[in-house]
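Chemist: here is my input, please return the structure:
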Amino acid sequence: MDADLRPTLLKLAIPILAIIVILVLSRLRGIDWKRDLGLAWPRPRSLVIWLAVWIGWVVVSEVVSRHFGFGKPSPWKPYAPFIVGLRILALGFCGPASEELLVRGLVFFRLRDTRLGPIGAILVCSAAWALMHYRYDPATIALIFLDGIVLGFARYRSDSTVLTILLHSLGNLYSIHQSLHG
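Modeler: Numbering: from 1, shown residues only. Next comes the predicted model:
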């Protein structure tokens, strides 16, 4: 097997498996996908507002990152086009979907009605999500934590994890673009 294909397939298989496990286990536990996990399309107005907020946040975080010289995505090596496509699918779509289902779907659902409340749930989910990205430098992890707060409020205000999957995917696709085109 091609040396680049194996790790790329792993990057694709892990989030797909995670999505399947989350959906199956939540169904077996009686968790409603739409109401509890937020697997519903956001209202159009909410979608437009949160897209604008997310784009604004990405611009601000880019300006801050460039000013302080951190958080720039590493360039990808020259992969074959098929590998690039699989990596975009894995990192741009499947990874965000699995992370959002887990963090702002399942974990947020479990925490929002506890003593933490929605705000505490957003903060805990953001911290957990940032720590999932431990391989990055501390400044990037801090930005990921702040991204998580924005995504958490989007989830809370819209009742839609589909929205956060879309926003997260857009952020990752932008990062992929930077990695491919400097």
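
Chemist: which residues of this protein fall in helices?
Modeler: In the chain, the helices defined using DSSP state H lie at 5-28, 44-68, 81-89, 95-100, 108-112, 117-132, 138-158, 161-181.

Chemist: ok, residues contacting the longest one?
Modeler: Counting contacts by Cβ atoms under 8 Å, 6 or more residues apart in numbering, the residues outside helix 44-68 that touch it are 41-42, 71-72, 139, 143, 146-147, 150, 154, 157-158, 160, 163, 166-167, 170-171, 174. Quick note: C-beta positions are derived from backbone N, CA and C, even for glycine.

Chemist: mind listing what's buried along that helix?
Modeler: Across helix 44-68, burial judged by 16 or more other Cβ atoms under 10 Å covers 46-47, 50-51, 54, 57-58, 61.

Chemist: contact partners for S179?
Modeler: Shown in contact with S179 (Cβ under 8 Å, 6+ apart): 73-76.

Chemist: make TSV out of those residues and add pLDDT and distance to V24.
Modeler: Putting the contacts of S179 into TSV (pLDDT from 0 to 100; distance: Cβ to Cβ, whole Å) gives the following:
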residue	pLDDT	distance to V24
P73	79	33
S74	83	35
P75	89	38
W76	91	33
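
Chemist: between these, which is nearest I14?
Modeler: Ranked by distance to I14 (Cβ to Cβ), the contacts of S179 are led by W76 at 18.8 Å.

Chemist: done for today, thanks.
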